[in-house]
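Asks: I'd like to go over a predicted model; first the sequence, then the structure.
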Amino acid sequence: MAQTVRRFPALTLNTDGHTHPRENAFVAVAAVFGLLAFVSAFFHNLHIMSSWTGLVGIVAGMWGQFISVTTAERFALVISTGLAGVGLYLGLAHGGFFGGLW
């Protein structure tokens, strides 16, 4: 009878009750770079930024998947890596990493 029922679970990546600062940092880096690459990919003149941020987002997301501990971390990393991938591919289609600079 002394049990409590949570109606809304807390929004956290640490669903196992332990802190994971390194893993959460990779989630944050992948999310920032993935979102930045995705948004900048829709502007043709920002192809250099979307290409590089997409590449960094994919590398951070894949390394974060390698060291992730909880399912919530993996879920956020898959979404972030997908956004970074779309940004990278559209950035490459619009001109690539250096696009006319060389």
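Replies: Thanks, I have the structure now.

Asks: quick check: nearest residue in space to residue 33, chain neighbours excluded?
Replies: Residue nearest to residue 33 in three dimensions, not counting chain neighbours: residue 57, with 3.5 Å by Cβ to Cβ, 6 or more residues apart in numbering. (C-beta placed from N, C-alpha, C; glycine too.)

Asks: with residue 46 instead?
Replies: residue 40 (4.3 Å).

Asks: and for residue 38?
Replies: Of all residues beyond its chain neighbours, the one nearest residue 38 is residue 83 (4.1 Å), with distances taken as Cβ to Cβ, 6+ apart.

Asks: OK, contacts around the residue nearest to residue 46?
Replies: By Cβ atoms under 8 Å, 6 or more residues apart in numbering, the contact set of residue 40 is 46, 49, 50, 53, 87, 91.

Asks: low pLDDT regions in the protein?
Replies: Within the chain, the segments meeting pLDDT under 70 span 1-2, 5-10, 100-102.

Asks: so for the host helix or strand of residue 26, what gets flagged as buried?
Replies: Assigned by DSSP states H and E, residue 26 belongs to helix 21-40. Buried residues in helix 21-40, defined by neighbour count with 16 or more other Cβ atoms under 10 Å: 23-24, 26-27, 29-38, 40.

Asks: one step back: quick check, the residue nearest to residue 38 in contact with residue 41.
Replies: No - Residue 83 is beyond contact range of residue 41, at 9.2 Å (criterion: Cβ atoms under 8 Å).

Asks: around the residue nearest to residue 38, how many other residues sit close by?
Replies: Neighbours of residue 83 under the rule other Cβ atoms under 10 Å: 24.

Asks: which non-adjacent residue is nearest residue 65?
Replies: Nearest non-adjacent residue to residue 65, counting by Cβ to Cβ, 6+ apart: residue 77, 5.2 Å away.

Asks: the helix or strand where that neighbour lies to helix 21-40, inter-axis angle?
Replies: Using DSSP H and E, residue 77 sits in helix 71-94. Interaxial angle of helix 71-94 relative to helix 21-40 (axes from the mean of the first three to the mean of the last three Cα atoms, to 10 degrees): 30 degrees.
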